[in-house]
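> okay, predicted coordinates and the sequence, questions at the end:
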Amino acid sequence: MGPTGHNAHLGRCRNPWNETRITGGSSSGSGAAVAARLVFGSLGSDTGGSVRLPAAMCGVVGLKPTQHLLATDGMMGLSESLDCPGPLARSSRDIARLMEVMTGRPYESALDGSVAGLVLGIPTSFYWENVAEPVEERLAEARKVLERLGVRFVDVDIPDHTDLADLADAVWTPEAAAIHLPWLRTRPGDYGDQVRARLTQGLAVSATAYLRARQLRTLMLEAMLSGPLSNCDALFVPAMRITVPTNAETDVAAGTSMREVLANIAALTRPLSYLGLPGLVTPAGFDPDGLPIGLQLIGRPLEEPTLLRIADAFEQETQFIRQVPPI
């Protein structure tokens, strides 16, 4: 649980690109195993970015499907409203194969290499604010690649996303606290400090705040579908505003600065989880320290084939997915 990959009981999950950097979480082992070529693909659970963040930080592809497209059977629950299983793999073609296996629906046939005429939206607020220079540079280059392939880019206005992280907290924290309450009462010491602190936040959320957050979720989703996503095939945004942080920067011992780093890690993934929309992260190059940078595509419900089609065309053109960590 959490966006870093730290584990108080088993130790830190190691990023195959650099052991001093975090792997992203909470599906850290899934991202690291795929990046290190230990497995063909893996599953993760994306409640606030926990598939897309390991994908971004480990240089692999991660898909958060439309909410409820994949069953949660067999998963350890955290938030019944926001939990969302999703696959991680080395390429969008591998993701498509995994999605076919899990759903019985055709996904690979959408990967015909043709993206000419598709329209990607660039949000005029929130997603591109305070973005680190290396991230901005790599995504500018990614945009040029897609434009060469015939993709058209347009600016789109999005509803105010400022409060979506707080609204998401008002949903998942009480749901998580309810699941863990018996153990929090009887075995609080068995939890890591970070996890216990986050779980107990849910005990302070009122029933009114919880229900209001769930109601607003529906209204915000409708506003996105009738607004920006009605004017383009998908949104084109960073996976993270920042480059991959170090282990030390995200450790509890870092104090208040750690909270700011954690907030920045998941700032651009949590809104999508709250809204229940599909999102895909694929590698878009590397920062000056050799750590991966991720591009995020956000689509309409059940438009995973479109996201995979765009990402596959980009991957075939750039070959970032062929890069192997120096393990």
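All right, it came through fine. Residues are numbered from 1 along each chain as shown.

> got any ranges where the stretch 51-200 of the chain has weak pLDDT?
Applying pLDDT under 70 to the stretch 51-200 of the chain flags no residue at all.

> so which strand or helix has the nearest residue to Val60 once chain neighbours are set aside?
Excluding the flanking residues, the one nearest Val60 by Cβ to Cβ, 6 or more residues apart in numbering is Val34, at 4.7 Å. For every residue, glycine as well, the C-beta is placed using N, CA and C. Per DSSP states H and E, Val34 falls inside helix 28-35.

> which elements pack onto that helix?
Other elements packing on helix 28-35 under the criterion 3 or more Cβ pairs under 8 Å, 6 or more residues apart in numbering; DSSP states H and E are strand 41-45, helix 52-58, strand 85-89.

> which among these is found nearest to Ser125?
helix 52-58 (20.5 Å; Cβ to Cβ).

> which secondary structure elements does that closest one contact?
For helix 52-58, the packing partners by 3+ Cβ pairs under 8 Å, 6+ apart are helix 28-35, strand 61-64, strand 279-286, strand 292-298.

> ok, residues contacting it?
Residues from elsewhere that reach helix 52-58 (Cβ atoms under 8 Å, 6 or more residues apart in numbering): 3, 5, 15-17, 21-25, 27-28, 30-32, 34-35, 44, 46, 60-62, 64, 88, 239-240, 244, 265-266, 269, 279-282, 291-294, 296, 325.

> sorry, back to before: and the residue nearest to Val60, how many neighbours?
When neighbours are defined as other Cβ atoms under 10 Å, Val34 has 27 of them.

> Gln127: which element?
No, residue 127 isn't Gln; it's Tyr. Counting by DSSP H and E, Tyr127 is found in no helix or strand.

> surely it and Ala267 touch.
No. Using Cβ atoms under 8 Å as the test, Tyr127 is too far from Ala267 to be in contact (9.0 Å).

> stretch 63-82: end-to-end distance?
End-to-end distance for stretch 63-82: 15 Å, by Cα to Cα, to the nearest Å.
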